[in-house]
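Student: Next one to model:
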Amino acid sequence: MHLIKPQWLTHPGDLKDFEVYSCHVSPDGSRLVTAAGDGYVRIWSTEAILNSHDPNYTKPKQLAAISHHSGTIHAVRFSSNGKYVASGADDKIVCVYALDPNAPAHVAFGSNEVPPVENWRVFRRLIGHDNDVQDLGWSYDSSILVSVGLDSKVVVWSGHTFEKLKTLSNHQSHVKGITFDPANKYFATASDDRTIKVFRFTSPPPNATPQDQLNNFMLESTITVPFAASPLTTYFRRCSWSPDGAHIAAANATNGPVSSVAILARGSWDGDISLVGHEGPVEVCAFSPRMFYRDPPRPDTDPSTYQHSVTVVACAGQDKCLSIWNTSFARPFMITQELAMKSISDLAWAPNGETLFVTSLDGSIMTLVFEPGELGYPASLLENEKSLSKYGASRRTGIVESTEGLLLEESSKTDELKGVEGRMGALMGDGGAVQPPITNGTNGTLPSAALTNGSSAAPPAPPEPPADQRVEKLKQRVTVTKDGKKRIAPMLVSSSSGVGQSSLPQTKLISATTTGGRNDNPHNVLDLSKPYDGYPKGGLAAMLVGNKRKFAEIEGDEDRRVEKRLAASVKSGGAAIVVSSENGIVPPAAASSKSNDFEAPKVLRPAIVSPALSVSQVRLAVPMVRSIIVRTMDGSEPPQANGASKADTDSAILEARNATNSSRTGRAQDRDPARLTCTRKGQSLWQDYLPKAVLLMTGNPNFFAAACEDGSVYSWTPAGRRTLNAMILDAQPVIMDCRGWWLLCISAVGICHVWNLKTMSSPHPPISLAPVLDIAAHTQGPHLTKSPGIVFARLNSEGRIIIAMSNGDGYTYSPNMYVWQRISEPWWAVGSQYWNTTDSSVGNLTSSESNGTDKEKNDQVSIENISAGIIPLLERNTTNQFLLQGRAFYLQRLIKALISAEGYESFEACVSVAHLENRVAAARTLGAREEFKIYLSMYVKRIGAEGLKGKVEELLRSLTGDLAPEEETDDPPTEDTICGWKKEDLLKEAVLILGKYRDIQRITVPYARLLGIINEHSGDQAMITDV
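Tutor: Numbering: from 1, shown residues only. The predicted model follows:
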């Protein structure tokens, strides 16, 4: 062993050298960083230190001197990736430095400092302690930085954003030491409360937030026995974790009346082993980062190549003595007494494991270089990895409790990998579909072998819907600050879309345009059925009539100020999300001023309204009578009158022409009948006449329907047969829609009718739109009140009514519960982490049952077009409406205030889970089979990540059905399907998703055993893990 102590390796002062409190070596071994009472962090070249005896060595010795603390620096540490240096001082601040590749600045005028060679700059100043910072520690993957101090706090910082993730207040006195498990599963803190506390953690992702990490960094064990009589006079309690992960060397322990170092065994955390020999309290322990063999390593070809490895630990403290131990001997194999004049404050090993740096409070910085073989023969780094692998160093999970739990976890990971490569990977946001690699010579095309038998090539991803330009303008609104500078004020859609996206699963379901499928938008201004062309800005106008015909007289209010104030508070409808153009109802961004060749209709006259409107509390705007209405059977665009021939399309076209000439008899009521003509490829298929003018018309491959201004509804088969008598409504029709065999018609008095024309029945009685229009809130004011406009009203494939309002709300009617249910509202948009309308990875979905055609059969929504489903469509409408109306600003302020308020720490997480529960319930209500499975998988993944054991157990129990044997009861058997899916299949998928979360394996393992998931893998070998 050689001792190197250069005279220049100090923190110099005017009269004496400053006390050195900490040192550390960079991961590449080229730099030594020290911290002292002069407030400087100094970075030295280790090469210069080792060559200090060579007079010909001329390279720089001190690389940098950084002074950004206002007091004594107690701890300094390099990050494990070598990117950062962190320092903590008695000014209560943690500074993080990063190496700037630019040339360093010159030394301040009048300073005696050596010009810096490297430019280390302050990257972050972390404020979170209330007293001195005593020690620091980086995780082995540099994902977190942990600081401890005299305020009894343990503060966890993100190693990427340096945001404070969590503050642990488990200790009752000063915390003076921190060490990390090399397997990256635990960290241990030592305190003057005479305990060492071990915390379990999972490395957080780069975009982690404090809300995400509520259930991370949990206390695993508290160790007290070896420290019951430890003195409180030490400046530090710096402990160290062995490189094989098996032991912790804990400073300032006692063995009876004698000071010692406690060796704590991993898992049991027992302190049965003590290193006794120091005369005073030990303040610092440091394991060498390498493992050693007692004998020279044998070649790999030797059959007896296995050699037992040992670890080496150095200990020092107040007795100014340094001792070095290994696990082969009960006594230290090296002791250096009176190495320094004062207490030894810190020890740091170089990465090669055979060079030790020592700092002391007398201001000295020493280097001990051991000869090869003196400590042993270093084992390869593979030996470290092999030793750590049994603790799951490569697995980002906690502690497995049983072999069955491990088998379930392996099944979960296998199933998750399949999901990433297939459909569910895109749904869950875990990554895109894995494509076969393109080899040289293929000219950028995939070989035909990449397609499975019977499948077809995936269609191109559908384009994103055009963005509303007014929404974009709102996002780029320029504001003027107090100092007169112009700034772009951000408009956030979700409260989690700040600095970075949340680490939790993000939904990306939005309404995207479909490829080759049915177009639900109106074709042109002639189409009055999707929903109808007369939509004004802000949706279909609605009027609510109050309960009082005359505003109540208020005593002392002769000027009717209250009435005027209430009338002035009534706001008009929301801003337009769609506009009427030549191409029909389209977003404003898609509206074009260019004229086309469609035959323009003429507004003949207002429709004759029913007297029922005069007494109804709900009044909807009635469309005008137009000259011509056109509808295609398959929902595609109708042919142009000029240019393209009508014979170019295979779809049947229904055209209604209302009378445009004057009465032939001289009486106004004797108008010509409306003429309906159905054609295909220019040839007439059938023709019919109606006595009254046609207002609305719709159709699909199952039937055509038309509504007249007298409130009658007619229907025809594709061949033109009338199979149903005229249905008479209570007022004029204002909205008409069809899907499959279902027909929806809404009258001017707000009554919704739904019929199944195949069975000639209705799923429920006619229902009123009054609850949806907030009639309970609006009818108490002036007797005529403008209510929210109806943006659209449609049917889904199950015959459920879907209503979207101009205030951002979306509703559906439940025929089983006879009540309106709200599916979407602005509350979710600002409170949930799952509200995201900027991407549509679900638009890339392909059907698992590909039939080689992109046409939708029987007017149903195909699986390929799942991104154009009802729930994403309503959420997209919510985003546009509440952004344009300006209410997003006030909701955002409320959410931001709530998140930072006391008692609302888990607000965002709770709202996010509630939003997923709302989506699952909505999909089940709507009968949306594919969307139900998507949202259920997302919900299961979130509650598993949150560790919500009660919800997990209740959900799995509800999906068990008749699988588990139960006592015989008189209750009727429960259905074994939910929303078209077998409960057993849903339960199996949920268990596979939850299998990787070890905290809830006590709940999931019995279900995995019941489903046979574990038995399928019973032959696998389980990996050794912590127990």
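
Student: quick one: A914 is in a helix?
Tutor: Yes. When DSSP: H, G, I helix; E, B strand; the rest coil is applied, A914 is found to be in a helix.

Student: Nearest residue to it in space, please, no chain neighbours.
Tutor: If the residues on either side of it in the chain are set aside, A914 comes closest to S832, at 7.7 Å by Cβ to Cβ, 6 or more residues apart in numbering. All C-beta atoms are positioned from the backbone trio N, CA, C, and that covers glycine.

Student: hang on, the one you found packs against H915?
Tutor: Yes. In this structure, S832 is within contact of H915 by Cβ atoms under 8 Å, at 3.7 Å.

Student: any weak-confidence spans in the stretch 601-750 of the chain?
Tutor: Scanning the stretch 601-750 of the chain for pLDDT under 70 picks out 601-615, 635-649, 666, 668-669.

Student: Might you report the residue contacts of C678?
Tutor: For C678, the contact set (Cβ atoms under 8 Å, 6 or more residues apart in numbering) comprises 652-655, 684-687, 704, 716, 720.

Student: got the contact list for the residue lying closest to N918 once chain neighbours are set aside?
Tutor: Nearest residue to N918 in three dimensions, chain neighbours excluded: W828, at 6.9 Å (Cβ to Cβ, 6+ apart). Listed by Cβ under 8 Å, 6+ apart, the contact partners of W828 are 835, 875, 878, 911, 915, 918.

Student: repeat for A719
Tutor: Residues in contact with A719 (Cβ under 8 Å, 6+ apart) are 685-686.

Student: Tell me the secondary structure at it.
Tutor: Once three-state DSSP is applied, A719 turns out coil.

Student: swap in W755?
Tutor: Going by three-state DSSP: W755 is strand.

Student: Check whether it really touches P766, as I assumed.
Tutor: No. Counting by Cβ under 8 Å, W755 does not reach P766; the two are 10.3 Å apart.

Student: More neighbours: which of these two?
Tutor: Ranked by neighbour count (other Cβ atoms under 10 Å), W755 and P766 place W755 first, with 22 against 14.

Student: which residues touch K59?
Tutor: 45, 47-48.

Student: got the phi/psi numbers for it?
Tutor: Main-chain torsions, K59, degrees, to the nearest 10: phi -70, psi 160.

Student: Looking at it now. What's its pLDDT?
Tutor: K59 is assigned 88 on the pLDDT scale.

Student: which residues of the stretch 851-1000 of the chain score low on pLDDT?
Tutor: Applying pLDDT under 70 to the stretch 851-1000 of the chain flags residues 851-868, 883-892, 896, 899-903, 905, 962-974.

Student: Show the buried residues in the contacts of C678.
Tutor: Buried by 16 or more other Cβ atoms under 10 Å: 652-655, 686, 704, 716, out of these.

Student: for these, which one is nearest L63?
Tutor: I653 (80.9 Å; Cβ to Cβ).

Student: The closest one bridge partners, please.
Tutor: Per DSSP bridges, the residues bridged to I653 are T632, T679.

Student: my read: it touches G682, true?
Tutor: No. The pair I653 / G682 is not scored as a contact, 9.6 Å apart, by Cβ under 8 Å.

Student: Which of the contacts of W828 has the largest number of neighbours?
Tutor: Going by other Cβ under 10 Å, E875 tops the contacts of W828 with 27 neighbours.

Student: For the helix or strand C315 falls within, name the packing helices and strands.
Tutor: C315 is part of strand 312-317 when elements are defined by DSSP states H and E. If contacts are counted by 3 or more Cβ pairs under 8 Å, 6 or more residues apart in numbering; DSSP states H and E, strand 312-317 sits against strand 247-255, strand 258-265, strand 282-287, strand 322-326, strand 344-349.

Student: could you redo the last one with a cut-off of 7 Å?
Tutor: Judged by 3 or more Cβ pairs under 7 Å, 6 or more residues apart in numbering; DSSP states H and E, strand 312-317 is in contact with strand 282-287, strand 322-326, strand 344-349.

Student: that older thread, which residues are in contact with each of W755 and P766?
Tutor: Jointly contacting W755 and P766 under the rule Cβ atoms under 7 Å, 6 or more residues apart in numbering is no residue at all.

Student: pLDDT score assigned to the closest residue in space to T355 that isn't next to it in sequence?
Tutor: Take T355 and drop its neighbours on the chain: the residue closest to it by Cβ to Cβ, 6+ apart is V369, 5.3 Å away. We have a pLDDT of 93 for V369.

Student: Could you double-check that V369 sits in contact with T46?
Tutor: No. Assessed by Cβ atoms under 7 Å, V369 is found out of contact with T46, at 10.7 Å.

Student: Could you look over the helices and strands packed on strand 312-317 and pick the most buried one?
Tutor: Compared across the helices and strands packed on strand 312-317, strand 282-287 shows the largest average neighbour count, a mean of 28 (mean count of other Cβ atoms under 10 Å).

Student: Number of residues surrounding the spatially closest residue to S712 that is not a sequence neighbour?
Tutor: With Cβ to Cβ, 6+ apart as the criterion, S712 has its nearest non-adjacent residue at 4.4 Å, and that residue is A726. Using other Cβ under 10 Å, A726 is surrounded by 14 other residues.

Student: do M805 as well
Tutor: 32.

Student: surely H11 meets F18?
Tutor: Yes. Between H11 and F18 there is a contact under Cβ under 7 Å: 4.2 Å.
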